[in-house]
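Engineer: using only what follows, build the 3D model:
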Amino acid sequence: MAVLMSAPVMADALDAFYADAENARGFAAAQASGQIAQGRQRMLAMCAEAKLKTPAADCGCVERELAGVSDRAFYFESVLAYREYQEKVDALRAEDTARYAQLKAQHAQRMGLARRLEAACGMV
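Structural biologist: Modelled structure (predicted):
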C-alpha cells in the first residue's frame, strides 16, 4: 500500500505550499542540513518504540513506505503536523478549551503521513 497520496488534491496542496517562498526556503535549508533524513530516521525509531506495545507493527513496512515519499512531501507533512500541534498548544495556553477540542477533532480527520504509516504498517 503506497502512502503517498496521488490525488490532485495532494498535488495542489504541495504546489500551494511551495509557492510560498518561505516554505521553499525552509525546505531547501532542511534538505541541505540533513533534517529531512533525520526526520525519516526518527519515524523509524518511533516504529521500534511502537513495536514494544504493538508487536504487529512492521518497521520494514515503514521503511519501505517512507522510501516512496519524496523529500518535498515529507517536509510538507512535517510542517503541517507541527502547525497542527502548535495550534493546539496555542489554544491550551489561551485556555480556550472549545477551540482545542475543535482543533483536536479537525486534526484527527486528516490522514497525515504518520497516520497513513500507522494504518499501512500495523501500528494501530
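
Engineer: distance from the chain centre to stretch 68-86, please.
Structural biologist: Relative to its chain's centre, stretch 68-86 lies at 5 Å (C-alpha atoms, centre = their mean, to the nearest Å).

Engineer: for that stretch, C-alpha coordinates in CSV please.
Structural biologist: Extracted in CSV, the C-alpha atoms of stretch 68-86 (Å, rounded to 0.1, in the frame of the first residue of the first chain):
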residue,chain,number,x,y,z
GLY,A,68,8.2,6.1,-1.5
VAL,A,69,7.7,9.6,0.0
SER,A,70,9.5,12.4,-1.7
ASP,A,71,11.6,14.8,0.4
ARG,A,72,9.2,17.6,-0.7
ALA,A,73,6.1,15.6,0.5
PHE,A,74,7.9,14.6,3.7
TYR,A,75,8.8,18.2,4.6
PHE,A,76,5.3,19.3,3.7
GLU,A,77,3.8,16.7,6.0
SER,A,78,6.2,17.6,8.8
VAL,A,79,5.4,21.3,8.6
LEU,A,80,1.6,20.6,8.6
ALA,A,81,2.0,18.3,11.6
TYR,A,82,4.0,20.9,13.5
ARG,A,83,1.5,23.6,12.7
GLU,A,84,-1.4,21.5,13.9
TYR,A,85,0.5,20.8,17.1
GLN,A,86,1.3,24.5,17.6
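
Engineer: buried sites along that stretch?
Structural biologist: Using 16 or more other C-beta atoms under 10 Å as the test for burial, stretch 68-86 gives 69, 73, 74, 75, 76, 77, 78, 80, 81, 84. The C-beta positions use only the backbone N, C-alpha and C, and glycine is treated the same way.

Engineer: just the residues contacting that stretch, thanks.
Structural biologist: 2-4, 10, 13-14, 17-18, 23, 26-27, 30-31, 36, 39-40, 66, 103, 107, 110, 112-114 (C-beta atoms under 8 Å, 6 or more residues apart in numbering).

Engineer: what is the mean pLDDT for whichever strand or helix holds residue 37?
Structural biologist: Secondary structure from DSSP states H and E places residue 37 in helix 35-53. In this model, helix 35-53 has a mean pLDDT of 90.
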